[in-house]
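J.: Quick one, what's the 3D model for this:
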Amino acid sequence: MRYLPLVLLPIVYAQQHTFETKQQEPWTTKYGTQTDLGYTGPLSYSHLPYTRCLDDSSTTFDIAVLGMPFDTATSYRPGARFGPFAIRSGSRRQFAAGGYALEWMMNPYTRAEVIDCGDVPVNPYDNALAIDQMETAYTTLLARPVNGSARARTANLARDGVEHPRILTLGGDHTIVLPILRSLHQVYGPISVIHFDAHIDTWPSSGGITEQSRVTHGTFFTLAFEEGLMSNTSIHAGIRNKLHGPELIEHDEEVGFELILADDIDDLGTDEIVKHIRQRIGDSPVYLSFDIDTIDPGQAPATGTPEPAGWTGRETKRILRGLAGLNFVGADIVEVAPAYDNAGDITGILAAGLADDFLALFVTDEPPKRQVKRKKTSADEL
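T.: Now for the predicted structure:
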């Protein structure tokens, strides 16, 4: 064994050299792991592991972040195809390891396996094709086995009695909800929708010149109703758009929605709004759809159809926390169009913060109960 054949010497030398190189790397020796900073590294939501999940079925997850860069059914300003990018960019200061939220009193990333599954490569020229692509992609991921890191939450809601992953979708214009509801219906049957928006999005769809022209970001809920995808216990929150007349509210009720106006927050307060939403939804499987124009354009200008006098980010986040414990089977945030944002990217940053709240809703059983400690005063001692 003292003498090796000459043919083996290069192999032995290469292995020895590799070992010595690893041992002598100055960066690793001096500074350790090459970590990403908030402003460095590949772009993924909150620096999560990034996988093209539609290609890779080996990676399991409990919650997937999925982009749907579709914006060719808008009625006013386009640009939401860049929404997934803007929201991911807005999340750059968020990290799973530092995801403990004071207002939630927990870190949602420690309660489930969450990964970024990239974007659905939707066709930008053919809306019918794009909508089918989005439904097919969502159905594909919804059928994947869960990682098992999270407590079971959907099995008792699903028709097949099997636990299914939840998907947080980054839009895209609001039309993306139609293929999502079609996909969810296959697993859960008719579901309720909590719809945060400035607009009702239940416009009658009978005026289209072609069948595909009926499908827009303002008619998709009517189409979902016609297809039997929703229960009759859905609710809007934050509405403040103008209408052609009161008959559209009657149609909205027929589609299955109750209405919370933006102004109701002044008369009812956030707690009563939360109570009303919870009573409306009950124990049904529920999908959360959030249009960024719910927020006042002073805080979220980057959207396609802005409406003045909206809710603030703080008010909205407080309402969201009050909804914890409902049976959420999925969520989205849509209509972020970064071309209209200001230099500080405030809309994308806010949208990313709201998306983190949605993750928390997926993994909590009840609203957080924060105890505010009050300092003793001299009056308390008397």
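J.: what separates stretch 23-37 from the chain centre, distance-wise?
T.: A distance of 35 Å separates the centroid of the chain from that of stretch 23-37, by CA atoms, centre = their mean, to the nearest Å.
J.: ends of that stretch, how far apart?
T.: Taking CA to CA, to the nearest Å, the first and last residues of stretch 23-37 lie 25 Å apart.
J.: do the same with stretch 75-82
T.: One end of stretch 75-82 to the other measures 17 Å (CA to CA).
J.: In that stretch, which residues are buried?
T.: Buried residues in stretch 75-82, counted by 16 or more other CB atoms under 10 Å: 77, 79-82. C-beta here means a position set from N, CA and C on the backbone, and glycine is covered the same way.
J.: Can you pull out the residues in contact with that stretch?
T.: If you take CB atoms under 8 Å, 6 or more residues apart in numbering as the criterion, stretch 75-82 is touched by 69-72, 74, 124, 171-173, 216-218, 303-305, 334-340.
J.: Buried only: go through these for me.
T.: In the contacts of stretch 75-82, burial by neighbour count holds for 69-72, 74, 171-173, 216-218, 303-305, 334-338, 340, counting by 16+ other CB under 10 Å.
J.: among the residues you listed, which are in strands?
T.: Applying DSSP state E to the buried ones among the contacts of stretch 75-82, the entries found in strands are 171, 334.
J.: mind listing what the closest residue in space to Leu170 that isn't next to it in sequence touches?
T.: Residue nearest to Leu170 in three dimensions, not counting chain neighbours: Pro84, with 4.1 Å by CB to CB, 6 or more residues apart in numbering. Counting by CB under 8 Å, 6+ apart, Pro84 makes contact with 67-69, 119, 170-172.
J.: Which of the three states applies to Pro84?
T.: Following DSSP: H, G, I helix; E, B strand; the rest coil, Pro84 is assigned to helix.
J.: And it, how far from Ser234?
T.: 25 Å (CB to CB, to the nearest Å).
J.: Please apply the same query to Ala128.
T.: The gap separating Ala128 from Ser234 is 26 Å, by CB to CB.
J.: Which one's more surrounded, those two?
T.: The residue with more neighbours, out of Ala128 and Ser234, is Ser234; 27 against 12, by other CB atoms under 10 Å.
J.: The more buried one bridge partners, please.
T.: Phe257 (DSSP bridges).
J.: all strands of the protein, in order?
T.: Remark: strands assigned in the chain by DSSP E are 63-68, 114-119, 166-171, 192-196, 234-237, 257-258, 285-291, 327-334.
J.: so for stretch 117-131, what's the average pLDDT?
T.: Computed over stretch 117-131, the mean pLDDT rounds to 97.
J.: Endpoint to endpoint, it covers what distance?
T.: Span of stretch 117-131 from end to end, CA to CA: 18 Å.
J.: Flag every buried residue along that stretch.
T.: Result for stretch 117-131 [16+ other CB under 10 Å]: buried residues 117-120, 122, 127, 130-131.
J.: Quick one: distance of it to the chain centre.
T.: Remark: stretch 117-131 is offset 18 Å from the chain centroid, using CA atoms, centre = their mean.
J.: Now do the same for Ala150: its pLDDT.
T.: For Ala150, the predicted pLDDT is 89.
J.: Around the closest residue to Thr139 other than its chain neighbours, count how many other residues there are.
T.: Excluding its sequence neighbours, the residue lying closest to Thr139 (CB to CB, 6+ apart) is Ser183, at 4.5 Å. Residue neighbour count, defined by other CB under 10 Å, stands at 23 for Ser183.
J.: Let me know whether Ser183 touches Gln133 as I believe.
T.: No: using CB atoms under 8 Å, Ser183 is not in contact with Gln133; the gap is 11.7 Å.
J.: In this protein, where is pLDDT below threshold?
T.: 1-22, 207, 371-382 (pLDDT under 70).
J.: And the helices in the chain?
T.: Ranges of helices in the chain, per DSSP state H, are 9-24, 26-31, 83-90, 127-142, 177-188, 220-226, 247-255, 264-281, 313-321, 346-363, 378-381.
J.: How far off centre is the fifth one?
T.: Translated: helix 177-188. Relative to its parent chain, helix 177-188 has a centroid offset of 15 Å by CA atoms, centre = their mean.
J.: Pull it out as PDB, backbone CA atoms only.
T.: The C-alpha trace of helix 177-188 is given here as PDB (Å, rounded to 0.1, in the frame of the first residue of the first chain):
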ATOM      1  CA  VAL A 177     -59.500  35.200  -9.000                       C
ATOM      2  CA  LEU A 178     -61.800  33.500 -11.500                       C
ATOM      3  CA  PRO A 179     -59.300  30.700 -12.400                       C
ATOM      4  CA  ILE A 180     -58.300  30.400  -8.800                       C
ATOM      5  CA  LEU A 181     -62.000  29.900  -7.600                       C
ATOM      6  CA  ARG A 182     -62.400  27.300 -10.400                       C
ATOM      7  CA  SER A 183     -59.500  25.400  -9.100                       C
ATOM      8  CA  LEU A 184     -60.500  25.700  -5.400                       C
ATOM      9  CA  HIS A 185     -64.000  24.500  -6.200                       C
ATOM     10  CA  GLN A 186     -62.600  21.200  -7.400                       C
ATOM     11  CA  VAL A 187     -61.200  20.600  -3.900                       C
ATOM     12  CA  TYR A 188     -63.600  22.400  -1.600                       C
END
